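Colleague: what's the 3D shape of this:
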Amino acid sequence: MKNLTKITEFILNGFSDHPHHLHFLFVFFFIIYILTVLINFLIIFFVFTDSQLHTPMYFFLGNLAFIDVSYSSVTAPRMLLDLVTKNHSISLPACTTQVFFFIYLASAELFLLSAMSYDRYIAICHPLHYKQIMSSTVCTQMASGVWVLGFLYSLVHTLFSLRLTYCGRNAIHNFFCDLPHLFQISCTDTFINIVVILIVGGSLGLGAFGITFIPYIRIFSTILKIRSNHGKLKAFSTCTSHLTVVFIFYGSIIFIYFVPTTSNLFIVNKVVSVTYALINPLLNPLIYSIRNKDLKEAVKRAMKNWLCVSYRSL
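Modeller: The predicted structure follows:
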């Protein structure tokens, strides 16, 4: 058996097959990233400074906005740098770190969407007891659980990824590091890693899936019993934003992690990866904001206060 040199550096071939479009892609993704940061930070600002938004729904929305900013920041700055430089290499420690935070924030968002689904269930199906059930203490505990579970889930997969060695190919056909990419180029048997994903990821994923979708059976049956059309529309509007975000998020996960990646699907996989890692963090706040009267009123109040302060200072 001949000796093979262990690889400690990878090449990110995310957009190397489109060299003539690199400048356009840089401008496009730079705008998306800046908008993602600005819009999500504005939501965080309004949620935590406007007293009328101090409710469980907006508390979780603030957490989602923070996840989206962090999530996008794990991949976007590195991708933008690669688009304007010829050096697309990334060290093994840097790649492993990116894997950890990517899984951490993705799983945290998965669990947070479940918490938000439970919040909608209590708000619509048990409105009289909503404040008692969804107290500030309970919301804080749920949010803490989201972050702790996401951390532990990512830590398990990251620690198991450290057993992998790389001694052949070092090209990653994407613009960031993720476990499926490392499995493809590893010269270590990945059976144990896959078993861990199936057992740990399967149990937590199915649990989160159930908590997210099962309550909507009761939610929709309760909404249909509402006599007032205005009441039905108001109840549906509080759910459609959440469901839209959930379907986009789960659809991206299913394609990336459960559809086998072949050479014929590299381009499609990159498009879905861009949607999953960069577009979703921008879409989420837009979906929640466009038809949200409370956020619009918060913006108006903030603008009014700012204009009053500016006028007094003149």
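
Colleague: Assign Thr188 to helix, strand or coil.
Modeller: Under the three-state scheme (DSSP: H, G, I helix; E, B strand; the rest coil), Thr188 adopts coil.

Colleague: and it, what pLDDT?
Modeller: Confidence at Thr188, expressed as pLDDT, is 88.

Colleague: So it sits against Leu162, correct?
Modeller: No. Thr188 lies out of contact with Leu162 (Cβ atoms under 8 Å); the separation is 10.5 Å. For glycine as for every other residue, the C-beta is placed from the backbone atoms N, C-alpha and C.

Colleague: Neighbour count for those two, which is higher?
Modeller: Comparing Thr188 with Leu162 by other Cβ atoms under 10 Å, the one with more neighbours is Thr188, at 15 against 9.

Colleague: For the more buried one, what are phi and psi?
Modeller: Main-chain dihedrals, Thr188, degrees, to the nearest 10: phi -100, psi 150.

Colleague: And Cys187, by the same measure?
Modeller: The phi/psi pair for Cys187 (degrees, to the nearest 10) is phi -100, psi 10.

Colleague: From Ile32, how far off is it?
Modeller: 36 Å (Cβ to Cβ, to the nearest Å).

Colleague: neighbour count winner among these two?
Modeller: A count of neighbours by other Cβ under 10 Å puts Ile32 above the other of Cys187 and Ile32, at 17 against 14.

Colleague: So which elements touch the helix or strand where Leu206 lies?
Modeller: Using DSSP states H and E, Leu206 sits in helix 202-213. Where contact means 3 or more Cβ pairs under 8 Å, 6 or more residues apart in numbering; DSSP states H and E, helix 202-213 is packed against helix 92-125, helix 229-258.

Colleague: Including distance to Ser289, mean pLDDT and mean neighbour count, could those helices go into TSV?
Modeller: TSV is the format used below for the helices and strands packed on helix 202-213 (distance: least, Cβ to Cβ, whole Å; pLDDT from 0 to 100; neighbours: other Cβ atoms under 10 Å):
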stretch	distance to Ser289	mean pLDDT	mean neighbour count
helix 92-125	15	94	21
helix 229-258	9	81	15
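
Colleague: Which among those helices is found nearest to Ile217?
Modeller: Across the helices and strands packed on helix 202-213, Ile217 has its closest neighbour in helix 92-125 (9.8 Å, Cβ to Cβ).

Colleague: how far does the closest one sit from the chain's center?
Modeller: Distance of helix 92-125 from the chain centroid (Cα atoms, centre = their mean, to the nearest Å) equals 6 Å.
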